[in-house]
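1. Next comes the sequence, and after it the predicted model I'd like to discuss.
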Amino acid sequence: MSAFESLLTEVQDCCICAAYLPHGPRPILQIHPLARVLIASQAPGRKVHESGVPFDDASGKRLREWMGVTREVFSTNGPLFSRHG
């Protein structure tokens, strides 16, 4: 297992704050080892917690509008997020 895969597993399995979360821990992330952009958020809403899709709510729609990207571009590990410069 690569260091990247190990870190991803560690993040996905994290339950440090489980006692403080009303719906339990569910780290929501989309990640690629070659990503050039990092967008971080905290405390996803109910819709994102249920779907497991990052920014799958009204705040995500607003963010995509601000960034000028479509849902499809934002939701993939495509060129915007994963190519070397």
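-> Perfect, I can see it now.
2. Tell me how many other residues crowd Gly60.
-> 21 (other C-beta atoms under 10 Å). For every residue, glycine as well, the C-beta is placed using N, CA and C.
3. tell me which element it falls in.
-> helix 58-67 (DSSP states H and E).
4. do Gln42 as well
-> Applying DSSP H and E, one finds Gln42 in no helix or strand.
5. In terms of pLDDT, where does it sit?
-> pLDDT recorded at Gln42 is 78.
6. coming back round to it: buried residues in the helix holding Gly60?
-> 60, 63-64 (16 or more other C-beta atoms under 10 Å).
7. Helices of the protein, start to end?
-> Taking DSSP state H, the helices of the chain run over residues 3-13, 46-51, 58-67, 71-74, 79-82.
8. so which of those gets nearest Ala35?
-> Comparing the helices of the chain against Ala35 with C-beta to C-beta, the closest turns out to be helix 79-82 (4.9 Å).
9. picking up where we left off before, out of the helices of the chain, nearest to Val37?
-> helix 79-82 (5.3 Å).
10. Find the nearest non-adjacent residue to Arg71, please.
-> Arg64 (6.2 Å; C-beta to C-beta, 6 or more residues apart in numbering).
11. Verify the contact between that neighbour and Asp57 for me.
-> No: counting by C-beta atoms under 8 Å, Arg64 does not reach Asp57; the two are 11.2 Å apart.
12. Tell me who's in contact with Leu29.
-> 11-12, 54 (C-beta atoms under 8 Å, 6 or more residues apart in numbering).
13. can you tell me how far the spatially most central residue of the chain sits from Gly52?
-> Nearest residue to the geometric centre of the chain (C-alpha atoms, centre = their mean): Leu29, 2.5 Å. From Leu29 across to Gly52, the span is 10 Å (C-beta to C-beta, to the nearest Å).
14. Repeat that for Glu65.
-> On the measure of C-beta to C-beta, Glu65 and Gly52 end up 22 Å apart.
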